[in-house]
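**Student:** got a predicted structure here, sequence first:
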Amino acid sequence: MVSDPKPNDIHPRNRPIEAEALRRLAEEWRLAVIDLIAGAGLGHYSSTFSIAELLAVLYRHTMRLRQADPAWPDRDRFLLGKGHAAVGLWPLLAELDYFPADWLPGFGKLGAPLTDHPNMRTTPGVDFSSGSLGHNLSVGIGMALAARLRQQDYRTFVILGDGELHEGQVWEAAMAASHFRLGNLVAIVDANGSCAAGPTSSVMNIEPVADRFQAFGWRAFDIDGHDVDAIVAAFDALPDPESAQPVCIVARTVKGKGVSFMEQEPRKWHLGFLGSEDRIRAAAEIRERL
Amino acid sequence: MGDATDVFSFTAGEAEVEGGESIGAVLARLGDEREDIVIVSPDLSTAPVAGLFAARHPERTFDCGIAEANAMSIAAGLAASGFIPFVVQMGAFSALKCGEQIRTDMAYTQLPVRILSAWSGLAMGYFGTSHHAVEDIAITRSITGLTVVAPSDPQSATALLRSTLDHRGPVFFRIGSGDEGHLHDKPPAMPRGKFLRLREGSRATIIATGMATHWAIAAADILAGEGICVRVLDAVYLKPLDEEAILAAARDTGGILTVEEHNVVGGLGTAVADVLARNGVAGRLGVHGLPDEDLLVGQPPELYAHYDLTPQGVAAKVRELLNG
């Protein structure tokens, strides 16, 4: 059951937590993702694993949220532009009591609320649906403009894949975000260097990502997307939401991070299903680091 | 009906048009009344439909430049944050170019975005095939959860803008050049999903939408002079569709002619045929619209004449239906 929200259920921004705790949380979520996909029969492993540390920091340290209140007006917004990593969101949102934890085993089942790509109409805590790449940075602009109109100070975070940057609409949005002076908008590029047909650099080069966002008027810089200290430092240094320049954090990540055979063949594990032996092997490798 | 260059003038727009307030004036008034209404537009914030609102409420007007898809998704983000965005778009580039943003970001999400798709049909026919908007009924009607309406005069536009304002899902307005002339002296009652019955008659029924409603009414007058009385229905709602009125027309009058400024493939005629076929109604049906072929380019009045989208042209189609 979802508990009633109380004023002290607010999780403030940049709340203290040890880096080691965040690192372990990311690993535990990798295990949870393996379990969820095991129940569903098919899922996106490697592109979810590349954002595990980013999600851990956002949800457990950076974003202002309220326990059991997914529609709280002052919450920071989170949009998963690369919607195929939604399976990584479900354990986090369950921990926030946005929906009952007993929804989790239903992931991927016919008609279940927890789907492979996030659906805001079925799942509380999903701030916007996604599935078609290239839309959510624009949607985030709409939410950031709404904050300005209502004089609210929430931030809107959008995670995009680096392959998603092939979409022209992303650059329409990049242009508009700086034009509208949206310092309350944060884009995070999961630069795992891979899209479906091959390495992003050979399919359609999108580098230098940070330079390109800078040329569109953003403050943009690279970080190691698996180094929780670096992620925390980048988010802690975000400018005031009232400021006028959007921020793009280019997180250099490894597709399949945390499971060696996925790191070696990241595209094989973009969409797949671990058989029981491989599942044991992957989980054992992750548990060794816990 | 002005000439094409008047139709597409980038001015702030007139508050009054023949037969009532312009859509732009109604929108500006709605903006005065409600602070949750915003405009999002790809480089059309000074155009007739948006200009008056933009002048009065600049802080609630977001011009996104010539980036239609971005404008659509930004509007969806505003709608998810408690606003009612009106996206002012050119008909040629709304449903066709942004169908996926409409489907995924507004319809699938059931957010209250209103798309004012202006200069539909051949209203910009002088500019090139690129500017014909003759596929939008087909595209929008197939999107689950999208309401599709087509006002035929300023009063019906006012009625539709106001009556759909609190609808929780998205609404696509198929509007013409905004100066079609008038049919109603005041905003008519506009129940959701209902056609308006504008003329009564027993020999046949003309079901028309948008601009074509004017030709249908004038055709009915011509035919009345010949002793042929026809029913005229204005398909102001294209989705949900008034199936009851379609079936009643077939039952009461025997023959139906549909008239639309749209490709005959996938438009109003197709929708009516579908209703008749599904209900096992065997009646005469004529579908009058734009042929499924490369369309000519020219001033709209010349195009309408060429394609028999005129009172005389519609009257002739009714005679064919009755004699066939």
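**Tutor:** Good, I have the coordinates. Numbers count the residues shown, from 1 in each chain, chains lettered A, B, ... in the order given.

**Student:** please count neighbours and contacts with C-alpha atoms only from this point.
**Tutor:** Noted.

**Student:** which pLDDT value belongs to residue 223?
**Tutor:** No chain specified, so I'll use chain A. The pLDDT attached to residue A:223 in the predicted structure is 98.

**Student:** my question was about chain B, not that one.
**Tutor:** pLDDT, residue B:223: 98.

**Student:** and if you look at the one 4 residues further on?
**Tutor:** According to the model's per-residue confidence, residue B:227 sits at a pLDDT of 97.

**Student:** quick check: which element contains residue A:159?
**Tutor:** strand A:156-161 (DSSP states H and E).

**Student:** can you list the strands that that strand pairs with?
**Tutor:** When sheet partners are counted by DSSP bridges, strand A:156-161 sits next to strand A:77-80 (parallel), strand A:185-191 (parallel).

**Student:** just checking, residue A:218 touches residue A:244?
**Tutor:** No - if you go by Cα atoms under 8 Å, residue A:218 and residue A:244 don't touch, sitting 9.6 Å apart.

**Student:** of those two, which one has the most company?
**Tutor:** The residue with more neighbours, out of residue A:218 and residue A:244, is residue A:218; 27 against 18, by other Cα atoms under 10 Å in any protein chain shown.

**Student:** just name the most buried of the strands paired with strand A:156-161.
**Tutor:** The highest mean neighbour count among the strands paired with strand A:156-161, using mean count of other Cα atoms under 10 Å in any protein chain shown, belongs to strand A:185-191: a mean of 27.

**Student:** quick one: mean pLDDT over it.
**Tutor:** Averaging the model's pLDDT scores along strand A:185-191 yields 98.

**Student:** dump the strand or helix carrying residue B:52 to CSV, keeping only the CA atoms.
**Tutor:** For residue B:52, the enclosing helix or strand under DSSP H and E is helix B:48-56. Taking only C-alpha atoms (Å, rounded to 0.1, in the frame of the first residue of the first chain), the coordinates of helix B:48-56 have been written out as CSV:
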residue,chain,number,x,y,z
PRO,B,48,-3.6,36.1,-38.0
VAL,B,49,-4.7,33.3,-35.7
ALA,B,50,-2.1,34.0,-33.0
GLY,B,51,-1.3,37.7,-33.4
LEU,B,52,-3.9,39.2,-31.2
PHE,B,53,-3.3,36.9,-28.3
ALA,B,54,0.5,37.4,-28.7
ALA,B,55,0.1,41.2,-28.6
ARG,B,56,-2.0,41.0,-25.4
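
**Student:** buried sites along that helix?
**Tutor:** Counting neighbours by 16 or more other Cα atoms under 10 Å in any protein chain shown, one finds that the buried residues in helix B:48-56 are B:48, B:49, B:50, B:51, B:52, B:53, B:54.

**Student:** and stretch A:199-212, by the same measure?
**Tutor:** The neighbour-count check on stretch A:199-212 (16+ other Cα under 10 Å) flags A:199, A:200, A:206, A:209, A:210 as buried.

**Student:** what is the nearest of these to residue B:200?
**Tutor:** Lowest distance from residue B:200 to the buried residues of stretch A:199-212 (Cα to Cα) belongs to residue A:206, with 63.0 Å.
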